[in-house]
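**Student:** Here is the input, now give the coordinates:
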Amino acid sequence: MGKVVAVCVSEKKGEKKRDVGKAMLIEGFGIEGDAHAGAWHRQVSLLALESIDKMREKGLSVGPGDFAENITTEGIDLSSLPVGTRLRINDVLLEVTQIGKECHERCAIYRQAGDCIMPKEGIFARVLRGGVVSAGDEIEVIPVIRVGILTASDRGAKGEREDLSGKVIEEMMEAVNGRIEEYVMVPDDLEAIKNSLLAMCEKGLDLVLTTGGTGLSPRDNTPEATLAVVEKQVPGIPEAMRQKSLEKTPNAMLSRAVAGIRGRTLIINLPGSPKAVRENLEVVLPALPHAVELLRGRVRDCGRPDRH
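**Tutor:** Reported below is the predicted structural model:
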């Protein structure tokens, strides 16, 4: 968990910003009263205090705002964050849109020290949800989760039914900053499901969610295909889904859904109906960001970040 060190604004572009302690961030616009606010992708700039310290070590007397950043942070390796990462500060939600920038005109700091840290280690973001940000506020990093969706359906693969369950998954992934990078519709064929799962894992996706084929009918093969692919099972996930579903229907005990990991990819079987997909995904959704971070090796089991 990082924190805000300073909140800075300027009336004009191309000049240092002054630390005002706190400011209102406006959704889709930027910081109220700041020259860089507007309907573009670099509404808010951020620079880490650790980066400013590198310039101090070169003998420069610089501090927050001197590099024209809006928010000076501490405790987060900003430049290592992938584009799409979200930062939550109180009610404010930022989405990282750019890492560094091209410096066309050398600033006063570059001319003085022969280097400037902002083009290399500064980041830019847009405001997804507004609110007040103050010095001392905590910053929560919400990583991007790269998601694949596999729908197993004989009728769907023939184009005889619309995949409404896949759409529910896509909609619900927004809550955990999930980005859908792969989507496949395959028949309820064991080899077809298995090969598609392997292909998604080889692409390095963080999470693969399947829908359909977890029941007792002769053509339900999704659990068998998943077990043929995963290296370790994660039984707690389907157990939790079945336990919650049993509160609604005894038929939940007929689900054969499984979950497991292959490499750094987590695979979870979901039911076939849109309603059941929503109910089951609601159960596991809160645990998904931590599960992905564990697979990435960025947190320990206790949830404490290794680095950011």
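**Student:** who's in contact with stretch 55-69?
**Tutor:** 5-6, 8, 10, 14-19, 45-47, 49, 52, 72, 107, 109, 112-113, 115-118, 122 (Cβ atoms under 8 Å, 6 or more residues apart in numbering). Every C-beta, even on glycine, is put in place using the N, C-alpha and C of the backbone.
**Student:** Tell me, how many residues neighbour the residue nearest to Gly260 when sequence neighbours are not counted?
**Tutor:** Among residues not flanking Gly260 along the chain, Val230 sits closest, at 2.9 Å (Cβ to Cβ, 6 or more residues apart in numbering). When neighbours are defined as other Cβ atoms under 10 Å, Val230 has 20 of them.
**Student:** Surely Val230 touches Ile268?
**Tutor:** No - look at Val230 against Ile268 with Cβ atoms under 8 Å: they stay out of range, at 10.4 Å.
**Student:** pLDDT score assigned to Met55?
**Tutor:** pLDDT recorded at Met55 is 89.
**Student:** Using the three-state scheme, assign it.
**Tutor:** helix (DSSP: H, G, I helix; E, B strand; the rest coil).
**Student:** Show me the helices in the stretch 1-150 of the chain, by range?
**Tutor:** 49-56, 108-113, 118-121 (DSSP state H, counting those that start in this stretch).
**Student:** Can I get the buried part of the contacts of stretch 55-69 as one PyMOL selection?
**Tutor:** Entered in PyMOL, the line below selects the buried ones among the contacts of stretch 55-69, by 16 or more other Cβ atoms under 10 Å:
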select buried, resi 5+6+8+10+16+17+45+46+47+49+52+72+107+109+116+117+118+122
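**Student:** tell me which element Pro223 falls in.
**Tutor:** If you go by DSSP states H and E, Pro223 is part of helix 222-229.
**Student:** Give me the helices and strands touching the helix or strand that comes right after that helix, please.
**Tutor:** Note on helix 222-229: by DSSP H and E, the next helix or strand toward the C-terminus is strand 232-233. Judged by 3 or more Cβ pairs under 8 Å, 6 or more residues apart in numbering; DSSP states H and E, the packing partners of strand 232-233 are strand 259-262.
**Student:** Quick check: mean pLDDT of the helix or strand following the strand it packs on?
**Tutor:** Counting by DSSP H and E, the next helix or strand C-terminal to strand 259-262 is strand 265-270. For strand 265-270, mean pLDDT is 98.
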